[in-house]
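Student: Next comes the sequence, and after it the predicted model I'd like to discuss.
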Amino acid sequence: MSDFAVIFDMDGVIVHTNPYHKIAIQHFCAEHGIQLNELTFQHKIYGRTNRDWISNVFGEITEEQIHAYATEKEALFRKIYEPHIKPVDGLIAFLDLLVSHNIPRAIATSAPPENVDFVLDKTGIRKYFKIILDERVVTHGKPNPEIYIKTAKALCLSNDKCIVIEDSLSGVTAGRRAGSKVIGVTTTHTPEELIETNLVIRDFNDLNLTKLEELLKK
């Protein structure tokens, strides 16, 4: 087995869900009387847990209301996204490459388990991942490094032996704070906005084993 692992965020990394999450959030918030702009998405919503972004947008509300809002929004998201779901370009070939070299893989996401099951089953990639951490283990959402620290522990590796693949700025910060090298995928942000990453890719066709190994030596 390899002496390093690759940790995948889900939304914006495994699947290009963010445009559909954005539509769902816009519709959901509009129904509740709130209009959103792009700055709000970038600084208060992208990469956050439902609890965090709902609190950021709606202010002081009860845990029961947060849960109800999150359930409503995620059901709307799955309905909107289902006809369009597919893996990010090159993902399956990249996962096959990792498997062929016995490189461990994990998913670390702030998404609810219903969304994780939805993505894994609809794309057929569940078989590639034995370790999956979702919002149920998240006490502190990204940019807090908690989920990446917990995922490395589940992999039985130190964080400096884990390469994190992220798309959001808060996720990049979380990966770096955990002590991992971070690859940024330009599904959500431009290469210029992903300047804090160690490597920027357009999709998984831009990755190979040599690039992973070189990244760990930096």
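Tutor: Now that the structure is in, tell me what you want to look at. Numbers count the residues shown, from 1 in each chain.

Student: lowest-pLDDT helix or strand in this protein?
Tutor: Lowest mean confidence among the helices and strands of the chain (mean pLDDT, DSSP states H and E): helix 38-40, at a mean of 89.

Student: My guess is residue 54 contacts residue 67. True?
Tutor: No - using Cβ atoms under 8 Å, residue 54 and residue 67 do not qualify as a contacting pair, with a distance of 9.3 Å. Quick note: C-beta positions are derived from backbone N, CA and C, even for glycine.

Student: Quick one: the helices in the chain, in order.
Tutor: Using DSSP state H, the helices assigned to the chain run over residues 18-31, 38-40, 50-58, 63-81, 91-100, 113-123, 146-154, 169-178, 209-217.

Student: Do you know the pLDDT at residue 25?
Tutor: If you check residue 25, the pLDDT there is 95.

Student: For it, give me its contacts.
Tutor: Listed by Cβ atoms under 8 Å, 6 or more residues apart in numbering, the contact set of residue 25 reads 36, 41, 45, 53, 73.

Student: What is the most widely separated pair among the residues you listed?
Tutor: Between any two of the contacts of residue 25, the greatest separation by Cβ to Cβ is 13.8 Å, found for 41 and 73.

Student: circling back: name the member of the contacts of residue 25 with the most neighbours.
Tutor: Sorting the contacts of residue 25 by how many neighbours each has (other Cβ atoms under 10 Å) puts residue 53 first, at 23 neighbours.
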